[in-house]
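Colleague: Sequence and predicted structure below; questions after.
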Amino acid sequence: MKKLLILVLCAMAYGLFSLFIARAYAKDKELVLIYTGETHAALYPCNCPSEPDGGVARRATLINQLRKKYPDSLVLDAGNFFGGGLLDQNTQSAPLDIQRTRINLDAMQLMKYDALAISEDEFNFGQEFLKENTAKVKLNFISSNLKFADIAPYVIKEAAGLKVGIIALTNPAAKQKAGDVKFIEPRPAVETAVRELKSKGVLFIILLSNLGEAEDLKAIENIPEIRVVIDGHGRNQKALFTKAGSAIILRPSWQGRRLNQAVLSLKGDKIDNVSVEDIRVSDKVSDDPNILAILPRCFTDNDCKKEGLVGACQNAGSLNAGCLFSEAVKVKLTVVTPKECLSCNPEPVVNFLKKQLPGLEVTYIYYPDKKAEKLIADLKVSGLPLYLLGKEVTRDRNFANLKASLEQRGDFYMLKPQAGGLSYFLGRKKQKGKLDLFISLFNRDAAWVLNIIKEFNPTVHFLATIRGDKIDALYGDTEIEEDLRALCVQRYYPKGFWDYITCRAKKINSSWWEDCAGGMDFKKIKSCARSPEGSGLLKENSSLGRELKIMFGPAYLMDNQEIFSSKGALSKEELKKKLKK
């Protein structure tokens, strides 16, 4: 009996020990991804009015710091890292774009990227250039749907105790630049790559893509081994990541102005939790000396900056490039802005003008001071802020670049409202608490804007233009028809209007509008939309936008006086905070 008891106790002890070992083995691990995309060989910080971030030398410093903190991290790029092309804001000439691209490749090699996806801009200078220059650097260039040179369909890396497979999809737009290069449809290419990776024991797969998120989702549907998608074309989305089935979609920042990092908490080979951060590549980050050693001093005059001085780039793009500086022309800028205005912020425009005119001297005048009222009356302006440059601006070498945005008024060159923006309408009666929203349901931000702003009970205005009897809109007849239906829903089913437009904003590419109109008489809505009644509703609804010359949205008119836009600028939290004020 004693022997039996001892055996039972030993078995229990062994079981508990085994359970402890299993739990210890299965404890959470972290896989850290550092990623970029759509950098377009942007070697230097951007020439931006605010947050002049970016630059490969700063990026290298951040990557090195993160690698020290997370030694097992993977550094990835979703494609379009070559210069040239329509989206390259730094493009100059083919020889300089080529030189910038070569330097960018050398910089990425020094940063030790683990994998880079080939996309359409990598063919900007032809097949031979791509083949020759990818062979010169020790980097993993991949594409699962492209048969070209030594480009591999995938790469396998060890990280966080896992075999991680990295695959890539090249945008079919590359066909126009790539000539006779063979392309495979994305879905079959993904299936083949995943099958091969599984045969090698890989169950955690990352997809680098430049297809756009809708096409990504088609390519990975019902393929649970793909845990992460990094899509370069997702940069305009507000969220840093979203979930799609068993996968998460990550979105790199434009031109490498921020460095993106995702910390994935894993249970086995499954993602349990996600933490994503976009880290500013700001002037507080020091330049990496190894990158500086291969980086020319300048490619353009914009790369030569010193406060109060004008810089000129000599021997652009070469290692002996240098900057010559001279005294800037002193230019007076008078800014007229309201004393009390929540939406007025002249600083971004002033900062932009300072970059264009290094000798700028700024004076502020606050409405309704008498001096401000006199300037407004003399110049016959209807909105603020007002930006007035002295006539000496014509002597600055950048005057030619600014001329199209300026209008001569009396003794000043006034920045046109379409260039400087308006935040405060003069001559409009204040209506405390009134909020008007100007929006297109086809705008990519429409769904989240409607979700946030609903509690503030705004009046919704669609963005239609009227030319005689003809109604027009940015997205043509499809947008007009959608606006007509929405306004007819508002006329006959006012309580269902908000739910209808919110639903349509989420599914705007679907023609099945009836799915958003549950419980309504579809024939009545169609009849209204197709009749003069619907046209009349749209003309009336869009009249305020035409009066205020609002062409794009989302835009917000507060208290019938102040206007601002959230396009590409405000987060949900910032917008809500501003509206609550």
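Modeller: Looks like it came in fine. Residues are numbered from 1 along each chain as shown.

Colleague: For the stretch 1-150 of the chain, which segments count as helices?
Modeller: With helices called from DSSP state H, counting those that start in this stretch, the stretch 1-150 of the chain shows them at 2-25, 56-69, 94-110, 127-136.

Colleague: Thr206 and Val32: what is the separation?
Modeller: Quick fix: residue 206 is Ile, not Thr. Ile206 sits 12 Å away from Val32, taking C-beta to C-beta, to the nearest Å as the criterion. Where you see a C-beta, it was placed from the backbone N, CA and C, and this is true even at glycine.

Colleague: shared neighbours, the two?
Modeller: Leu74 (C-beta atoms under 8 Å, 6 or more residues apart in numbering).

Colleague: residues of stretch 181-200 that come out buried?
Modeller: For stretch 181-200, burial by neighbour count (16 or more other C-beta atoms under 10 Å) applies to Val181, Phe183, Ile184, Pro186, Arg187, Ala189, Val190, Thr192, Ala193, Val194, Leu197.

Colleague: What's the separation between the third one and Ile118?
Modeller: Taking C-beta to C-beta as the measure, Ile184 falls 13 Å from Ile118.

Colleague: Surely Ala152 touches Ile142?
Modeller: Yes - counting by C-beta atoms under 8 Å, Ala152 does reach Ile142; the two are 5.2 Å apart.

Colleague: More neighbours: these two, which one.
Modeller: Ile142 (24 against 15; other C-beta atoms under 10 Å).

Colleague: beta partners for the more buried one?
Modeller: Counting by DSSP bridges, Ile142 is bridged to Ala117, Ala152.

Colleague: residues contacting Phe462?
Modeller: Counting by C-beta under 8 Å, 6+ apart, Phe462 touches Phe438, Ile439, Ser440, Leu441, Ala473, Asp483, Ala486, Leu487, Leu538, Asn541, Ser542, Gly545.

Colleague: Run through the bridge partners of it.
Modeller: Beta bridges link Phe462 to Ile439, judged by DSSP bridges.

Colleague: any weak-confidence spans in the stretch 201-350 of the chain?
Modeller: Along the stretch 201-350 of the chain, segments meeting pLDDT under 70 span 234-238.

Colleague: quick one, helices of it?
Modeller: Going by DSSP H, counting those that start in this stretch, the stretch 201-350 of the chain shows helices at 213-220, 289-292, 347-356.

Colleague: Reformat those helices as TSV; add distance to Gly83 and mean neighbour count.
Modeller: Compiled in TSV, the helices of the stretch 201-350 of the chain are given as follows (distance: least, C-beta to C-beta, whole Å; neighbours: other C-beta atoms under 10 Å):
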stretch	distance to Gly83	mean neighbour count
helix 213-220	25	18
helix 289-292	16	14
helix 347-356	22	17
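
Colleague: ok, Val263 - how many residues close by?
Modeller: 15.

Colleague: Ile271 is in contact with that one, correct?
Modeller: No - using C-beta under 8 Å, Val263 makes no contact with Ile271, being 10.6 Å away.

Colleague: count of neighbours near the closest residue to Asn315 other than its chain neighbours?
Modeller: In space, and not counting its chain neighbours, Asn315 is closest to Ala321: 4.6 Å by C-beta to C-beta, 6 or more residues apart in numbering. Neighbourhood size, Ala321 [other C-beta under 10 Å]: 17.

Colleague: Next, find the distance separating Ala321 from Pro296.
Modeller: Distance of Ala321 to Pro296, computed by C-beta to C-beta: 4 Å.

Colleague: before we move on, back to that, select, out of the helices of the stretch 201-350 of the chain, the one closest to Ala135.
Modeller: Of all the helices of the stretch 201-350 of the chain, it is helix 289-292 that lies closest to Ala135, at 21.9 Å by C-beta to C-beta.

Colleague: helices and strands around the closest one, which ones?
Modeller: Other helices and strands packing on helix 289-292, by 3 or more C-beta pairs under 8 Å, 6 or more residues apart in numbering; DSSP states H and E, are helix 56-69, helix 94-110.

Colleague: for the shortest one, which positions count as buried?
Modeller: Taking 16+ other C-beta under 10 Å as the neighbour-count basis, helix 56-69 is seen to contain the buried residues Val56, Ala57, Arg58, Arg59, Ala60, Thr61, Leu62, Ile63, Leu66, Arg67.

Colleague: so it versus helix 94-110, what angle?
Modeller: Interaxial angle of helix 56-69 relative to helix 94-110 (axes from the mean of the first three to the mean of the last three C-alpha atoms, to 10 degrees): 10 degrees.

Colleague: how far is helix 56-69 from where the chain is centred?
Modeller: Centre-to-centre, helix 56-69 and its host chain are 22 Å apart (C-alpha atoms, centre = their mean, to the nearest Å).

Colleague: any idea how far Asn90 is from Ala446?
Modeller: Counting by C-beta to C-beta - Asn90 and Ala446 are separated by 32 Å.

Colleague: so where's this structure shaky on pLDDT?
Modeller: For the chain, residues meeting the criterion pLDDT under 70 lie at 1-27, 49, 234-238, 567-581.

Colleague: ok, now with 80
Modeller: Along the chain, the parts satisfying pLDDT under 80 run over 1-28, 47-50, 233-239, 342, 444, 566-581.
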